[in-house]
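Enquirer: Please find the sequence and the predicted model below.
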Amino acid sequence: MMAMATTERQARMVELMGVLAPDEGYTLCALPGVKFMRAHSVRPRSPALVEPCIVVVCQGHKRGYLGGEAFDYHAQQFLVLSVPLPFEGETVRASAAEPMLAISIPIDLQLAAEIALAVDEAQPGNTPPPPAPRGIMASHLDDALGDAVLRLLQALTSPVETRLLGQGILREILFRVLTGEQGGALRAGLAHQTQFAKIGKALRRIHSDYHRPIDVATLAREAGMSQAAFHAGFKAVTTTSPIQYLKSTRLHKARLLMVQDGVTAATACGRVGYESTSQFSREFKRFFGRTPVEEAREMRSLLAQAPGGRGSPYVSAP
């Protein structure tokens, strides 16, 4: 019965995704930050900078890479990214007949903190000690979380239900993740004195001020850490150095400016903090494998925005 319920749930998710995301690429909706992803063919490994989010695969197979690890996530699995990370992703299985379909749900850290506190107050002493926090991991979609995601997709097909029910369902989804096996990483990120939380604070600072001069000494001081400890902690969470992370953030944001705002490479270069256009072009091509103009053209063909859709303070979804 449970297997049949899971099969029926997946079929209904695929049906609703056909309505919500009929076009290949990314589609935004009226709930801020919620994105749909649709791919009709296998896509090679490519870099992305992902926001703190929950990604649920409704159909198909994706694979992500962080440092030396690979993360496979299939239909009826979900991925949690508890901090913004430089990520590489590829679509492993997709076709026109059975496209890869997924939904990305942003994690509101303030709301997550409120829910975690409420859970702890309601169940004092019953919260198991969290495992060592990880920036990313994948899990199977259980019935409670799967049903909540299905109800979210159903609500998003109706403007009235989106407005009246959408935020409540997002809250339930966050509750289900926080109280499940992936809750430990989120809880660690919300505990202000842990190293994981300090690095998360530095990452949010980079994403808000990437266009301004930022140095590692300042980030370490604001985190209350020595530079050596900050470097080690930063790499443990993100698998890269602070300087490389800042560079990838600027390049991803420049790509987004060219794609969504239609600005030139020279304009995007200045807006993200580069002083040299030639240096920007060299680093952009080295990072993405294409010139700024070529990459912007390719990304425009993959990005669709529905009316009422709004972006996030980060860059893209896996």
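Expert: Now that the structure is in, tell me what you want to look at.
Enquirer: Phi, psi for residue 96 please.
Expert: phi -60, psi -40 (degrees, to the nearest 10).
Enquirer: burial count for it?
Expert: 8 (other Cβ atoms under 10 Å). No exception for glycine: its C-beta is placed from N, CA and C like everyone else's.
Enquirer: same deal with residue 224?
Expert: Neighbour tally, residue 224, other Cβ under 10 Å: 11.
Enquirer: before we move on, what about residue 243?
Expert: For residue 243, using other Cβ under 10 Å, the count is 13.
Enquirer: how about the nearest residue to it, chain neighbours excluded?
Expert: residue 216 (6.8 Å; Cβ to Cβ, 6 or more residues apart in numbering).
Enquirer: just checking, the one you found touches residue 227?
Expert: Yes: if you go by Cβ atoms under 8 Å, residue 216 and residue 227 touch, sitting 6.2 Å apart.
Enquirer: Tell me which of these two has more neighbours.
Expert: residue 216 (16 against 13).
Enquirer: ranges for the helices of this protein?
Expert: 2-20, 109-122, 143-156, 159-178, 183-190, 195-209, 216-223, 227-238, 242-256, 265-271, 277-288, 292-300 (DSSP state H).
Enquirer: Distance check, the nearest residue to residue 212 once chain neighbours are set aside against residue 214.
Expert: Nearest residue to residue 212, sequence neighbours excluded (Cβ to Cβ, 6+ apart): residue 273, at 6.6 Å. Distance of residue 273 to residue 214, computed by Cβ to Cβ, to the nearest Å: 8 Å.
Enquirer: before we move on, back to that, out of the helices of the chain, which gets the lowest mean score?
Expert: For those, mean pLDDT drops lowest on helix 183-190, to a mean of 71.
Enquirer: burial count for the nearest residue to residue 213 once chain neighbours are set aside?
Expert: In this structure, residue 213 finds its nearest non-sequential neighbour in residue 273, 7.3 Å apart by Cβ to Cβ, 6+ apart. Residue 273 has 19 neighbours, counted by other Cβ under 10 Å.
Enquirer: Equivalent analysis for residue 6, please.
Expert: For residue 6, using other Cβ under 10 Å, the count is 17.
Enquirer: Nearest residue to it in space, ignoring adjacent ones along the chain?
Expert: Using Cβ to Cβ, 6+ apart, the nearest residue to residue 6 is residue 76, at 6.2 Å.
Enquirer: ok, residue 22 - contacts?
Expert: Shown in contact with residue 22 (Cβ atoms under 8 Å, 6 or more residues apart in numbering): residue 38.
Enquirer: how much space between it and residue 39?
Expert: 13 Å.
Enquirer: okay, and the common contacts of the two?
Expert: Counting by Cβ under 8 Å, 6+ apart, nothing touches both residue 22 and residue 39.
Enquirer: before we move on, the earlier item: how about the residue nearest to residue 212, phi and psi?
Expert: phi 110, psi 0.
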